[in-house]
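Colleague: I would like to see how this sequence folds:
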Amino acid sequence: MYKLKEVAEILKVSDRTVRRYLNSYFSIENGAYQVSEKMLEVLKNEHLGQSADNLRTSSDKDIQEYRAEYFTEEEYAEFEKRLIEYHLLKEQLEYHKKSAEKHQNQMEIILKILEQKNVLEQQRNVLEARDKRISFTDYINLDEEKNDKN
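Modeller: Coordinates of the predicted model:
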């Protein structure tokens, strides 16, 4: 098997020209091969009458696992753009995720502080209420003592 670049070097043409040559023999549409008359003739001449079991190679299984798709220039440009954007978007997503986690931690700290503040205010209010009761009781007692003396 040859890579596309190797075929181009052997034929002394560009990669694009090799792709056009190949497209004249077959194409893949919606995941299915479309074979031209030229390719059918090549296959007939080479393989007609041979058992299918004899033709299978170990790489056939590997080939079946991959899906080849051909892009127009416009589609390929869009695909390249999305690949480049993917890394930027992934970095931005990580940044925003970490930022959200920090904000969540800050909010939890603020809530704890507010809870502590509320507890302290309640304790202060209880102490002030006790002081007021004692003061009021003392006032009443003093007032009664004055009345007793009179």
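Colleague: Output the below-cut-off pLDDT ranges for the protein.
Modeller: Residue ranges of the chain with pLDDT under 70: 49-69, 134-147, 149-150.
Colleague: now the helices for it?
Modeller: 4-11, 15-25, 37-47, 52-55, 58-65, 73-149 (DSSP state H).
Colleague: now these as JSON lines including mean neighbour count and distance to Gly31?
Modeller: Every residue, glycine included, has its C-beta placed from N, CA and C. Written out in JSON lines, the entries for the helices of the chain read as follows (neighbours: other C-beta atoms under 10 Å; distance: least, C-beta to C-beta, whole Å):
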{"stretch": "helix 4-11", "mean neighbour count": "13", "distance to Gly31": "20"}
{"stretch": "helix 15-25", "mean neighbour count": "13", "distance to Gly31": "16"}
{"stretch": "helix 37-47", "mean neighbour count": "11", "distance to Gly31": "18"}
{"stretch": "helix 52-55", "mean neighbour count": "8", "distance to Gly31": "21"}
{"stretch": "helix 58-65", "mean neighbour count": "8", "distance to Gly31": "12"}
{"stretch": "helix 73-149", "mean neighbour count": "10", "distance to Gly31": "16"}
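Colleague: Give the full set of residues in contact with Thr17.
Modeller: With contacts taken as C-beta atoms under 8 Å, 6 or more residues apart in numbering, Thr17 has the following neighbours: 8, 11.
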